[in-house]
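*Asks:* Please find the sequence and the predicted model below.
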Amino acid sequence: MDVIDNNILKILQDNSNISLSNLSKRIGISKTPCWNRIRRLEEEGIISKQVALLNRNAIGLPIVVFLSISVGRHSTEWSEKFNELVYLYKEIVEVHRLTGSGADYLLKIVSPTIEAYDKFQQILITKIDFTSMSSSVSLHEIKYQTSFPLNLN
């Protein structure tokens with residue numbers, strides 16, 4: 001990646017619907033080389049996909065819960081079952097395996113209400129073999145960012 005690729009990515013992270021003509025003008029190259037760079041960035045997996053970001057409150061999902069899970073054994077079988085399970089439920093929007101904390105996994109879950117979350121958590125309790133589980137409800141989202149900092153080293 002060079003400075004031009006970096007600038008393309010910065011602009012696309014902010015607005016992936018920008019026209020090729022406008023993007024190429026802002027970058028300072030013609031449309032064909034700009035298009036070729038975007039395609040290469042996609043082929044290399046740097047651009048994984050382009051999506052529309054929704055306002056979760058506007059679509060009726062105001063509740064965000066971070067569910068911490070600790071497990072007793074980390075077998076390959078358990079991990080495969082867990083990975084399959086988290087992809088079954090659209091309410092689970094992020095999953096991270098952790099180190100250095102009391103939990104082994106952190107799930108970010110969205111829900112229309114606390115009651116709906118409680119029902120969903122009861123389903124998870126029956127499906128996940130765990131030693132402890134703890135929910136933290138987000139009271140207010142202070143920062144939500146979908147773009148990554150891009151700095152050339």
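*Replies:* Noted; the coordinates are in hand.
*Asks:* got the contact list for the residue of the chain positioned farthest from its centre?
*Replies:* The C-alpha centroid of the chain is most remote from Ser30, which lies 32.7 Å away (CA atoms, centre = their mean). Shown in contact with Ser30 (CB atoms under 8 Å, 6 or more residues apart in numbering): Ser24. C-beta: built from backbone N, CA, C; applies to glycine.
*Asks:* how distant is stretch 41-50 from the center of its chain?
*Replies:* 15 Å (CA atoms, centre = their mean, to the nearest Å).
*Asks:* Ramachandran angles for Val137?
*Replies:* phi -90, psi 130 (degrees, to the nearest 10).
*Asks:* Quickly list what it is bridged to.
*Replies:* Val65 (DSSP bridges).
*Asks:* Pretty sure it sits against Lys108.
*Replies:* No: taking CB atoms under 8 Å as the definition, Val137 is not a contact partner of Lys108, at 11.7 Å.
*Asks:* Point me to the helix or strand that includes the spatially most central residue of the chain.
*Replies:* Nearest to the mean C-alpha position of the chain, counting by CA atoms, centre = their mean, stands Glu94 at 5.6 Å. If you go by DSSP states H and E, Glu94 is part of strand 92-97.
*Asks:* partners of that strand in the sheet?
*Replies:* In the sheet, strand 92-97 lines up with strand 105-111 (antiparallel) (DSSP bridges).
*Asks:* So which elements touch the very next helix or strand once past the strand it pairs with?
*Replies:* Once strand 105-111 ends, the next helix or strand along the chain (criterion: DSSP H and E) is helix 114-127. Applying 3 or more CB pairs under 8 Å, 6 or more residues apart in numbering; DSSP states H and E, one finds that helix 114-127 contacts strand 63-70, strand 105-111, strand 132-137.
*Asks:* and Ile47, how far is that from Leu12?
*Replies:* Distance, Ile47 to Leu12, using CB to CB, to the nearest Å: 7 Å.
*Asks:* Tell me which residues touch the closest residue to Gly72 other than its chain neighbours, please.
*Replies:* Closest residue in space to Gly72, ignoring its immediate chain neighbours: Thr131 at 4.7 Å, by CB to CB, 6 or more residues apart in numbering. Thr131 makes contact with Ser70, Val71, Gly72 under the criterion CB under 8 Å, 6+ apart.
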